[in-house]
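got a structure for you, letters missing:
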């Protein structure tokens with residue numbers, strides 16, 4: 001009888017301890033990130049491929065690779081995002097949780113095709129990445145997770161096996177009263193919702209038609225897993241001062257100094273500058289050469305032939 005009592009008592013103690021751990025974990029999950037990073041894991045302090053980074057001027061960093069075809073977004077298949085609401089994801093990140101069948105993109109990197117599913121749309125106040133030392137007012141991040149089954153079905157070897165995420169990032173600057181349509185489609189006011197958003201037309205086309213930076217880095221919150229391919233649009237986009245003020249006031253409730261991580265050292269990493277203008281330059285160069293050749297031929301024919 002006595003042993004049964006102690007056994008039941010031990011069970012009560014054990015399950016009470018498990019419940020206590022769950023309560024502590026829930027409280028931890030709901031605690032805003034400490035961007036002083038005092039309690040972040042060691043990888044966040046000592047990792048060699050942390051994010052975000054500063055993109056130096058193109059002529060001042062020797063490890064830039066100027067290319068047109070190292071990384072390309074081949075196609076997208078997104079459903080229109082409807083009746084979604086901006087909220088605190090795990091009470092720490094501000095955005096929209098899009099887990100589910102919202103769609104994917106096909107990425108071509110070094111001749112290998114990868115599929116990435118869109119899982120989150122996250123907004124940062126101030127921008128995390130900087131361009132030549134200058135930060136934007138906001139940064140919009142489209143977080144994609146690798147579909148590993150896509151590679152297995154096509155019997156393709158994953159040369160990017162350490163990478164789990166692809167994040168497409170757009171930096172915004174608040175000025176004036178006319179917003180770029182990239183941000184005007186997002187109603188970041190009460191009730192913090194959007195009625196419809198076509199990512200295929202607005203965001204992805206920017207990465208198909210414009211120059212951007214591409215590098216290997218990490219998550220910008222604990223534990224800073226260095227498993228991310230980042231693509232950051234070179235041209236800063238516009239948003240209105242009103243839109244910026246709404247975002248700032250909302251995020252300042254939890255993050256008075258912003259919810260963006262400070263830039264981390266480059267550590268001589270290779271940064272790919274995906275230059276969409278190279279093809280245009282070659283095209284016009286060929287046209288000018290042909291025009292010059294025809295002109296010389298006509299002059300030669302008239303006076304010397």
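Okay, I see it. On a predicted model such as this, the values are computed, not experimentally measured, just so you know. Numbers count the residues shown, from 1 in each chain.

who's the closest residue to residue 113 other than its chain neighbours bridged to?
Residue nearest to residue 113 in three dimensions, not counting chain neighbours: residue 106, with 5.8 Å by Cβ to Cβ, 6 or more residues apart in numbering. Just so you know, the C-beta spots here come from the backbone N, C-alpha and C atoms, and that holds for glycine as well. On the basis of DSSP bridges, residue 106 is bridged to residue 75, residue 115.

neighbours of residue 40, how many?
17 (other Cβ atoms under 10 Å).

ok, residue 77 next?
Residue 77, neighbours per other Cβ under 10 Å, totals 13.

what does residue 205 give?
When neighbours are defined as other Cβ under 10 Å, residue 205 has 13 of them.

ok, then the element right after the strand or helix carrying it?
Using DSSP states H and E, residue 205 sits in helix 199-209. Remark: after helix 199-209, the chain's next helix or strand is strand 212-217, criterion DSSP H and E.

and the helix or strand that comes right after that next one, what does it pack onto?
Going down the chain from strand 212-217, the next helix or strand is strand 228-233, by DSSP H and E. Contacts defined by 3 or more Cβ pairs under 8 Å, 6 or more residues apart in numbering; DSSP states H and E place strand 228-233 against strand 165-174, helix 199-209, strand 212-217.

now with 6 Å?
If contacts are counted by 3 or more Cβ pairs under 6 Å, 6 or more residues apart in numbering; DSSP states H and E, strand 228-233 sits against strand 165-174, strand 212-217.

contact partners of that strand?
Applying Cβ atoms under 6 Å, 6 or more residues apart in numbering, the contact partners of strand 228-233 are 129, 163, 165-170, 206, 212-215, 217-218.

any weak-confidence spans in this structure?
1-30, 91, 178-196, 201-203, 278-305 (pLDDT under 70).

hmm, back to that, which one of the helices and strands packed on strand 228-233 lies closest to residue 61?
Residue 61 lies closest, by Cβ to Cβ, to one member of the helices and strands packed on strand 228-233: strand 212-217, at 10.8 Å.

contacting residues around the closest one?
49, 51, 55, 71, 228, 230-234, 269, 271-272, 274.

now the angle from that strand to helix 199-209?
90 degrees (axes from the mean of the first three to the mean of the last three Cα atoms, to 10 degrees).

how far off centre is strand 212-217?
10 Å (Cα atoms, centre = their mean, to the nearest Å).

partners of it in the sheet?
For strand 212-217, pairing defined by DSSP bridges yields strand 228-233 (antiparallel), strand 271-274 (antiparallel).

partner strands of the helix or strand following the longest one, with direction?
Sequence-wise, the next helix or strand beyond strand 228-233 is strand 237-239, with elements assigned using DSSP H and E. Strands adjacent to strand 237-239 in the sheet, as given by DSSP bridges, are strand 165-174 (parallel).

part of a helix, is residue 40?
No - Residue 40: not assigned to a helix; according to DSSP: H, G, I helix; E, B strand; the rest coil it is coil.

not including adjacent chain positions, what is the nearest residue to it?
In this structure, residue 40 finds its nearest non-sequential neighbour in residue 222, 4.6 Å apart by Cβ to Cβ, 6+ apart.

got phi/psi on the one you found?
phi -60, psi 140 (degrees, to the nearest 10).

cool, and residue 59?
phi -90, psi 10.

can you check residue 264 too?
Dihedral angles (degrees, to the nearest 10) for residue 264: phi -110, psi 160.

close enough to count as contact, it and residue 48?
No - Residue 264 is not in contact with residue 48 according to Cβ atoms under 6 Å; the separation is 9.4 Å.

neighbour-wise, which of those two wins?
Shown here are residue 264 and residue 48; by other Cβ under 10 Å, residue 264 has more neighbours (21 against 13).

list the contacts for that one?
residue 50.

that one and residue 271: what is the separation?
13 Å (Cβ to Cβ, to the nearest Å).

all good on my end, thank you.
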